[in-house]
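Colleague: Please find the sequence and the predicted model below.
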Amino acid sequence: MAMTENESGQEVRFLKEVGMPRLHKVIFLVLLGFLIALPFMVYPIFAMKVMCFALFAAAFNLLLGFGGLLSFGHAAYFGGASYVAAHAAKVWGFTPELAVLAGTLAAALLGLAIGSLAIRRQGIYFAMVTLAFAQMVYFFALQAKFTGGEDGIQSVPRGDLFGMFPLQDNIALYFFVLAITFGGILALYRIVHSPFGQVLKAIRENEPRAISLGYQVNRYKLMVFTLSATFAGLAGATKSQVFQLASLTDVHWSMSGEVVLMTLLGGMGTIFGPLVGAAIIVTMQNYLATFGAWVTIIQGVIFVLGVLLFREGIIGVISRLLKRRL
Amino acid sequence: MFRKVALGSLALATMTAGPALAQDISIKLGVLNDRSGVYADLSGEGSVVAARMAVEDFGAADKGIKVEIVSADHQNKPDIASNIARQWYDADGVDAILDVPTSSAALAVAEITAQAGKVFLNSGAATTDLTGAQCQPTTIHWTYDTAALANGTGKAVTEAGGKKWFFLTADYAFGHALERDTTAVVTATGGEVVGQVNVPFPATDFSSFLLQAQGSGADVIGLANAGGDTVNAIKQASEFGITQAGQQLAALLMFVTDVHALGAETAQGLSLTEAFYWDQNDSTREWSARFEERQGAKPTMVQAGVYSSTMHYLRAVEAVGSSDSKEVVAKMKATEFDDPLFGKGYVRGDGRVIHDMFLFEVKKPADSTSEWDLYNQIAVISGEDAFLPMRDECDFTE
């Protein structure tokens, strides 16, 4: 186990090591243990919401933190998948896992289509192109017949997992959601630490150099864009099963903004940052709901403080202090 | 050891002391509405005040019924509404949810209420689906719905001579539903629709749409939109001098707080339908004065609906002697009411509350004697005419 943390050794070690550093293993195990105990401590639906947003933020972080691409339209994949999954479960009578799969697949295709156009531009233009497409998806969701306009798709049945295990009980559903989100986050971790992830980081740091080294930069960008959209879709599809609802909130541009906030607050380009950011934002929204408009104001203040005081995000700062990658 | 015995006997004492009171029921009511957005004025804190007034006027404490009221902001989003409703039922022991404006949020709450086997007393939402396509045995829809609004404004205005209609329709499901319902009423009453235009939602600039409406030769311009859209459209229509030029504006969904915000100057001549107006009779005036003392504004029909539905609910709880949802709802449906605010009425088997609706016209500034003196009553629409007939599959009374 080469656990030395000097700068030059690090990249080499990541390439050499297929497995996980011990620190990350411990954190993931502690996290898993915590999540297994969580539904018995807090309201399970709230915990499921946190997990869905954690996966969403982690998916977004793959694109922003590791790909260096700021998308401002991730609500399109999150919400689009939630609509497809809700429709599949309600109208087509899909079982939950197939509905989630259908939603995820839809998000992947949507990501592929939008990504193939968006990656042709950089920086602010890239962000604007993604935003424009997301607004189109929003408009579609508002107008199309099957999405139910501003009512959304409501009373989506929870169904039976694999057609056998009923998920009506909150605790049963919780473990279904836990399996999906935790699996998703582990998959994202694996992607980031694969050779593919290394190339991504190279492109992020210096795109011309990556091109000069012979990498087909646009292919990598499209790949990471599609992957990020896919996992965002996985999160959205799961959320629609939890709340039995797909609504315009999920495709609205403010949802795209929220996921940026979660990622930045937690720590962009860290593994655990987006999870922490999502947990903080969702908890705030949940427990401060009685304050009404103050929630957005408090969120804004926290964001400003976050940017001014710890620009690397919460986990980013902790990671710097510990001199360990988190 | 001694402490245990003492505690035990104390517990025993309280247990036996319990039935000494007439009844010993505790109830938790959740007021779920918009507390920060466009509907905060017409529902919001005012609805919480109305619910509290109902509990006090009912004299719940003297009757041995302990009532606690909680409230939350659903931001007009169905996902937030369903999240809060679930948590209230599952974790916080709420027995009934009140108000819930915004149709999408209300439908979500209705579904969750039915799953949880609790009671949903809706006052703020407009959709007829609550007692139609998505009816639930636990839903009671108190104040109004789009059909009643269409029947009120559409029918009465057409009968009064406004034969040719032009619609400005907010381009989403709610706007289309409102236009469809009103069109049906207008044509059934012998009027015709000469045109319509879909306005993107939300809109701030209505000028080109208003010009189209002006050029259409219609007698009546029907505003099939809500909230800020309606207010903007009326403001701009006033700037264009549309009502002065002989065309009539009909707002298909508007509340007294909107009219108050616009002022009589801008809104004069506007026709609209409401279920309640503060200045109708002595009991509405008395209650509204008390409400204004606390809230600083006259109540809307939504807030009045929260008061009356809470009152009717509490009476049913008292009569049944428990907070059991099934029994209470059955009792509510079985008992006709004579309410100080809504007059005589009853709860139909599908949960639709049948009471009179009223067509109002906004006064000219010269006729208005005070800030809140805004309406002239034009017509009374009986509850049977105003609301849609009951669907057979929605009759939940056995």
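Modeller: Good, I have the coordinates.
Colleague: From here on, just use CA atoms for contacts and neighbour counts.
Modeller: Fine.
Colleague: Once you drop chain neighbours, what's closest to the residue of chain B found nearest chain A?
Modeller: Per CA to the nearest CA, B:Ser104 is where chain B lies closest to chain A, at 4.1 Å. In this structure, B:Ser104 finds its nearest non-sequential neighbour in A:Asp151, 4.1 Å apart by CA to CA, 6 or more residues apart in numbering or on different chains.
Colleague: tally of neighbours for the one you found?
Modeller: 24 (other CA atoms under 10 Å in any protein chain shown).
Colleague: quick one, what contacts it?
Modeller: Contacts for A:Asp151 (CA atoms under 8 Å, 6 or more residues apart in numbering or on different chains) come out as A:247, B:78, B:103-105, B:107, B:173.
Colleague: Dump those to TSV, plus distance to B:Val38 and secondary structure.
Modeller: Output for the contacts of A:Asp151, formatted as TSV (distance: CA to CA, whole Å; DSSP: H, G, I helix; E, B strand; the rest coil):
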residue	distance to B:Val38	secondary structure
A:Ser247	19	coil
B:Pro78	15	helix
B:Ser103	14	helix
B:Ser104	15	helix
B:Ala105	14	helix
B:Leu107	19	helix
B:Ala173	18	helix
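Colleague: Next, the buried residues of the top helix by length along chain B.
Modeller: Looking across chain B with DSSP state H, the single longest helix is helix B:301-320. Buried residues in helix B:301-320, counted by 16 or more other CA atoms under 10 Å in any protein chain shown: B:301-318, B:320.
Colleague: Ignoring the adjacent residues along the chain, who's closest to B:Gly44?
Modeller: B:Arg35 (4.5 Å).
Colleague: any idea how far B:Ala72 is from the residue of the stretch 151-300 of chain A found nearest chain B?
Modeller: Proximity of the stretch 151-300 of chain A to chain B (CA to the nearest CA) peaks at A:Asp151, 4.1 Å away. To B:Ala72, A:Asp151 is 20 Å away according to CA to CA, to the nearest Å.
Colleague: Ok, B:Met53 next?
Modeller: Distance from B:Met53 to B:Ala72, by CA to CA: 18 Å.
Colleague: and if you look at B:Ala334?
Modeller: 31 Å.
Colleague: neighbour count winner among those two?
Modeller: Remark: of B:Ala334 and B:Ala72, B:Ala72 carries more neighbours, 22 against 15, as counted by other CA under 10 Å.
Colleague: The helix or strand hosting that one and chain A in contact?
Modeller: Element membership for B:Ala72 (DSSP states H and E) is strand B:65-73. Yes. Residues of strand B:65-73 are located near chain A by CA under 8 Å from any CA of the partner chain, namely B:71-73.
Colleague: For my notes, confirm A:Val295 occurs in a helix.
Modeller: Yes. Counting by DSSP: H, G, I helix; E, B strand; the rest coil, A:Val295 is located in a helix.
Colleague: thought it was touching A:Asn286?
Modeller: No. Using CA atoms under 8 Å, A:Val295 is not in contact with A:Asn286, being 9.4 Å away.
Colleague: Look up phi and psi at B:Asn390.
Modeller: Not quite, residue B:390 is Met, not Asn. phi -70, psi 140 (degrees, to the nearest 10).
Colleague: That one - nearest residue in space that isn't next to it in sequence?
Modeller: B:Asp350 (6.8 Å).
Colleague: sorry, back to before: which one of the residues of strand B:65-73 next to chain A sits closest to B:Ala150?
Modeller: B:Asp73 (28.7 Å; CA to CA).
Colleague: For that closest one, grab the count of nearby residues.
Modeller: 26.
Colleague: Could you check the angle the helix or strand following the longest helix of chain B makes with helix B:301-320?
Modeller: Next helix or strand after helix B:301-320 toward the C-terminus (DSSP H and E): helix B:325-334. Counting by axes from the mean of the first three to the mean of the last three CA atoms, to 10 degrees, helix B:325-334 lies at 110 degrees to helix B:301-320.
Colleague: how is chain B carved up into domains?
Modeller: Segmentation of chain B into domains, based on automatic domain parsing, reads B:22-144+B:281-351, B:147-274+B:358-382.
Colleague: Buried deepest among those domains, which one?
Modeller: Compared across the domains of chain B, domain B:22-144+B:281-351 shows the largest average neighbour count, a mean of 21 (mean count of other CA atoms under 10 Å in any protein chain shown).
Colleague: tell me the contacts of the residue nearest to B:Gly44?
Modeller: By CA under 8 Å, 6+ apart, the neighbours of B:Arg35 are A:292-293, B:41, B:43-45, B:72-75.
Colleague: Need these in CSV (columns: distance to A:Val177 and pLDDT).
Modeller: Listed next are these as CSV, based on distance: CA to CA, whole Å; pLDDT from 0 to 100:
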residue, distance to A:Val177, pLDDT
A:Gly292, 29, 62
A:Ala293, 30, 66
B:Asp41, 39, 87
B:Ser43, 36, 90
B:Gly44, 34, 89
B:Glu45, 36, 91
B:Ala72, 27, 89
B:Asp73, 27, 88
B:His74, 24, 88
B:Gln75, 26, 83
